[in-house]
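# Okay, here's the prediction I keep looking at, along with the sequence it came from:
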Amino acid sequence: MQSKLKPIQLAILASLIPTTCFADSSTTELTPIIISADFRAADLQETTSSVTVITPVEIQKRSAQHLENAINLAPNVNSASGASRAHYFQIRGIGERSQFETPINPSVGLTIDGIDYSRSGAAGTLFDVEQVEVLRGPQGTRFGASAMAGMINLQSNEPTNETESHIKYTMGNYNTQTAGVAVGGALIKDKLLGRVSIHKHLSDGYIENSHLNFDDTQNQDELTAKAHLKWLATQDLTIDLKALHFNIDNGYDAFNFDNNYTTKSDEPGKDTLKSDALALKATWDINSQVRMETNLTHSNSDIEYSYDGDWSYIGEFASGLGPYQYFDQYLRQRKNNSIDLRFLSGEQGKIFNNSTDWVVGLYQINQDEDLNRTEIYDGFTSHYKSSFQTQNTALYGQLDHHLTSKLTLTTGLRVEQYESDFSDSEGIANGNSESLYGGKIGFSYQINPQQISYAHVSRGYKTGGINNNQKLPNNLQTFETEQLWNIETGLNSTIFDNKLKTRIALFYAQRENPQISSSLQLPSGDFIGYTANVDTGYNYGLEAELDWAINSKWRLISSLGLLNTGLTAHQYTDKYSGITYYMEEGRDQAHAPNYQYSIGGEFSFAANWTASANIEGKDEFYFSDSHNAKSSAYNLLNASLEYMRRDWTVTLWSRNLMDTEYDVRGFHFGNDPTTWVPATYTQKGAPRTVGLTVAWDY
């Protein structure tokens, strides 16, 4: 009797391979991966938390233009679209999925070259990126309020003394064309280094609009430019100046009544980001005992998010059925300014009898967000404005106490003062002031030179906020701060003479006052959406990753995430139908699939030729905490064929090679004017995408 293994079973087997197989002794060693998101740069295999690093090799294999094209490589990490790109990410089932009128505080942070781009996921473009670091679990000591569930850190390539050039051109289906240039090297050898890059991506997108007879109403038009100057002022002082420019000018036209790739909107929307940012960092080795690091950042972003809310055109439905016109536009301006000043112990600066490394720092970020919303409903136009200012001031510190040569105790604490001020054109004015704290205590044990184990307890937090609708009862006009307690243990192994690396982590997280979307029907009949707290929630599971250079021809890369989540019982009333949905105790949280996996391999089958394939997939998941609509489980096949000769690389690649249909965002409400019956509506992920990339590296 024959049996077939499902992809999830294959992923489990791949994670167990190191206990049952042996590597070819002729294999080339794997290159160490250094992560930079923590206080000190460290080898990935020596980190004592669950971290995934997405390398330029993986980005190149799939010609990933944006984070959404590569994020599935990280176990227990999901994303939500509802726009031209995925703007929001969920780690271990926790994270926002959208933003409309109400200000939000992120559960998952996003930093690009040290600059905070949380809530602006459109900036996650991947040209000239050294690596993407995904830190799972609360980063209460290092990042505070913006990383309760985790942090995604994009690090661009650094300038060096060597002259380097990278030129890339891509063409693909959907009229896709991409071109990029990066140049770096010494302006003054050993004194002043520089690197600049510019990248342009154009595509018609995969949505067709049958009413307008267009195939580019969800087009992609994305420009990213970066510049970096590194001044080696003295042997002990280095100053880095980084500049970022994003001009993302994409269309947004994704939803329809048939849940397919053809829309009928007469007023397609936009999804744009125009942003300029600067970061100035100084690293000063004051003496052999103390290092000082200072990082100042500034960003100014203009964002448009707009859409055709009726998904139709005037005349599609019979007279009187309406709405014939509903267009919604959100124009936001965000300004962020931050300073991070920290002191770190040097080689001779350890305390407690030369046994303890230490870090102490002060951080402040000021964020201003102004919103202008315009709604057009059957010819009637309404305007809404709001202003939201926040200030986070934090004092943090961490001790790494080496109890023995193998056993280390880590303790970290962050105390943060949060201040906010909100006002809008409806007469609502509200401020919030609260003290928050998070941190970590844990042990790491170096079992042998090839294995390190760890266990820790950490605490993260996300600030409370305001529901900006004066019709709400007083007790619902604000929502409370959420806290997250996380227990985690893991094992990192490097075996077979550095040819096989594995990382496995088990975690349990307890959420206190989880923030969820809800709604209320007033005596007048009006329905109001708002953010509410439920009592508790839980998230627990496993993350495993494997990188194995089996021999000189074969390499295996795989990952697996298992996740179980739940919330306290609660209810939600649909604002169109008046139907109340009761969410039972322990129901899975939104965007929290029970499993997620990636199985990939490389085969160097001839001189200069490498074939790669990857299957990635995830279980079904609820679209919201407020209804029972679900996605379907799916598996995607990605493949590439690469030829390298001297400085040239030619890659034939495909994402979603089998043209699998899957969902990246979903809602459940009544929008069909013929019935107004609530139904599930979804945004489809990208179908088969193929292309050819030619790159030259000097």
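Perfect, I can see it now.
# Output stretch 129-145 as PDB, restricted to C-alpha atoms.
Output of stretch 129-145 as PDB, limited to C-alpha atoms (Å, rounded to 0.1, in the frame of the first residue of the first chain):
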ATOM      1  CA  VAL A 129      19.900  44.800   1.000                       C
ATOM      2  CA  GLU A 130      22.500  43.000   2.900                       C
ATOM      3  CA  GLN A 131      20.000  40.900   4.800                       C
ATOM      4  CA  VAL A 132      16.500  40.900   6.400                       C
ATOM      5  CA  GLU A 133      16.500  39.900  10.100                       C
ATOM      6  CA  VAL A 134      13.200  38.700  11.600                       C
ATOM      7  CA  LEU A 135      13.300  38.700  15.400                       C
ATOM      8  CA  ARG A 136      10.400  36.700  16.900                       C
ATOM      9  CA  GLY A 137       9.000  37.300  20.400                       C
ATOM     10  CA  PRO A 138       8.800  40.500  22.500                       C
ATOM     11  CA  GLN A 139      11.900  42.700  22.100                       C
ATOM     12  CA  GLY A 140      11.100  44.600  25.300                       C
ATOM     13  CA  THR A 141      14.600  45.600  26.200                       C
ATOM     14  CA  ARG A 142      15.900  46.500  22.800                       C
ATOM     15  CA  PHE A 143      13.000  48.100  20.900                       C
ATOM     16  CA  GLY A 144      10.100  48.500  23.500                       C
ATOM     17  CA  ALA A 145       6.600  49.500  22.500                       C
END
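# tell me the mean pLDDT over it?
Averaged across stretch 129-145, pLDDT comes to 93.
# same question, stretch 108-121
Rounded mean pLDDT across stretch 108-121 is 94.
# count of neighbours near the residue lying closest to residue 209 once chain neighbours are set aside?
Using Cβ to Cβ, 6 or more residues apart in numbering and skipping residues adjacent in sequence, the residue nearest residue 209 is residue 217, 4.5 Å away. Yep, even glycine has a C-beta here, placed from its N, CA and C like the rest. For residue 217, the neighbour count with other Cβ atoms under 10 Å is 22.
# what do you get for residue 517?
17.
# quick one: what helix or strand has it in it?
Element membership for residue 517, per DSSP states H and E: strand 515-521.
# ok, then the element right after that strand?
strand 527-533.
# could I get that next one in CSV with only the CA atoms?
Once non-C-alpha atoms are left out, strand 527-533 reads as follows in CSV (Å, rounded to 0.1, in the frame of the first residue of the first chain):
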residue,chain,number,x,y,z
PHE,A,527,-22.9,50.8,14.0
ILE,A,528,-19.5,52.0,15.1
GLY,A,529,-16.3,50.1,14.7
TYR,A,530,-13.7,50.4,17.5
THR,A,531,-10.7,48.7,19.1
ALA,A,532,-11.5,46.8,22.3
ASN,A,533,-9.7,44.7,24.9
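# Quick check: can you name the pairing partners of that strand and their directions?
Taking DSSP bridges as the criterion, strand 527-533 forms sheet pairs with strand 515-521 (antiparallel).
# average pLDDT across the strand it pairs with?
75.
# swap in stretch 414-426?
For stretch 414-426, the per-residue pLDDT averages 95.
# what does stretch 213-231 give?
Mean pLDDT, computed over stretch 213-231, is 97.
# same deal with stretch 275-289?
Taken as a whole, stretch 275-289 carries a mean pLDDT of 97.
# By neighbour count, which bits of it are buried? Give me those.
275, 277, 279-285 (16 or more other Cβ atoms under 10 Å).
# Then stretch 100-118?
By neighbour count on 16+ other Cβ under 10 Å, the buried set for stretch 100-118 is 102-118.
# now stretch 421-434
Along stretch 421-434, these residues count as buried under the neighbour rule (16+ other Cβ under 10 Å): 422-424, 428, 430, 432.
# how long is it end to end?
From its first residue to its last, stretch 421-434 covers 12 Å (Cα to Cα, to the nearest Å).
# In the sheet, which residues pair with the closest residue to residue 405 other than its chain neighbours? Tell me.
Residue nearest to residue 405 in three dimensions, not counting chain neighbours: residue 446, with 7.7 Å by Cβ to Cβ, 6+ apart. With DSSP bridges applied, residue 446 shows beta-bridge pairing to residue 452.
# distance from the centroid: which residue in the chain tops it?
residue 319 (44.6 Å; Cα atoms, centre = their mean).
# any idea how far that one lies from residue 632?
Distance from residue 319 to residue 632, counting by Cβ to Cβ, to the nearest Å: 37 Å.
# Quickly list what the most centrally placed residue in the chain is bridged to.
The residue lying closest to the centre of the chain (Cα atoms, centre = their mean) is residue 89, at 4.4 Å. Using DSSP bridges, the beta-bridge partners of residue 89 come out as residue 79.
# who's in contact with it?
Applying Cβ atoms under 8 Å, 6 or more residues apart in numbering, we find residue 89 in contact with 67, 71, 77-80, 95, 108, 110, 121, 152.
# Please work out the average pLDDT along the helix or strand encompassing residue 443.
Assigned by DSSP H and E, residue 443 belongs to strand 429-448. Averaged over strand 429-448, pLDDT sits at 94.
# what about it, distance to the chain center?
Centroid separation between strand 429-448 and its chain, computed with Cα atoms, centre = their mean, to the nearest Å, is 20 Å.
# Over to stretch 422-434?
29 Å.
# Same question for stretch 130-150.
Computed by Cα atoms, centre = their mean, the separation of stretch 130-150 from the middle of its chain amounts to 10 Å.
# ditto for stretch 649-656
Worked out by Cα atoms, centre = their mean, stretch 649-656 lies 24 Å from the chain centre.
# Just the residues contacting that stretch, thanks.
The contact list for stretch 649-656 (Cβ under 8 Å, 6+ apart) reads 60-63, 69, 636-644, 685-697.
# That one: which residues count as buried?
649, 651, 653-656.
# Turn the residues you listed into CSV, including pLDDT.
Converted to CSV, the buried residues of stretch 649-656 look like this (pLDDT from 0 to 100):
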residue, pLDDT
649, 96
651, 97
653, 97
654, 97
655, 97
656, 97
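# List just the nearest of those to residue 393.
Comparing these against residue 393 with Cβ to Cβ places residue 655 closest, at 43.1 Å.
# Tell me how far the closest one lies from residue 616.
For residue 655 relative to residue 616 (Cβ to Cβ), the value is 10 Å.
# what is in contact with those two at once?
With Cβ under 8 Å, 6+ apart as the test, residue 655 and residue 616 both reach 636, 638.
# still on that earlier bit, which ones among the buried residues of stretch 100-118 lie within strands?
If you go by DSSP state E, those have 108-112, 115-116 in strands.
# Between all of the residues you listed, which two are at the greatest distance?
Among these, 108 and 115 lie farthest apart (Cβ to Cβ), at 16.1 Å.
# low-scoring stretches of this protein, by residue?
1-28, 322-323, 519-527, 571-581 (pLDDT under 70).
# same thing but 50
1-27 (pLDDT under 50).
# Now the nearest residue in space to residue 589 that is not next to it in sequence: which helix or strand?
Excluding the flanking residues, the one nearest residue 589 by Cβ to Cβ, 6+ apart is residue 565, at 4.1 Å. Under the criterion of DSSP H and E, residue 565 resides in strand 554-567.
# same for that strand, what does it pack against?
The contact analysis (3 or more Cβ pairs under 8 Å, 6 or more residues apart in numbering; DSSP states H and E) places strand 554-567 against helix 7-16, strand 536-548, strand 595-606.
# Quick one: the ones you listed as TSV, columns for distance to residue 205 too.
Formatted as TSV, the helices and strands packed on strand 554-567 follow (distance: least, Cβ to Cβ, whole Å):
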stretch	distance to residue 205
helix 7-16	28
strand 536-548	32
strand 595-606	25
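# now for these, which one comes closest to residue 482?
strand 536-548 (9.1 Å).
# What is that closest one packed up against?
Looks like strand 536-548 contacts helix 7-16, strand 500-512, strand 554-567 (3+ Cβ pairs under 8 Å, 6+ apart).
# now for those, which one comes closest to residue 377?
Nearest of the helices and strands packed on strand 536-548 (Cβ to Cβ): strand 554-567, 33.7 Å.
# That's all I had, so thanks and see you.
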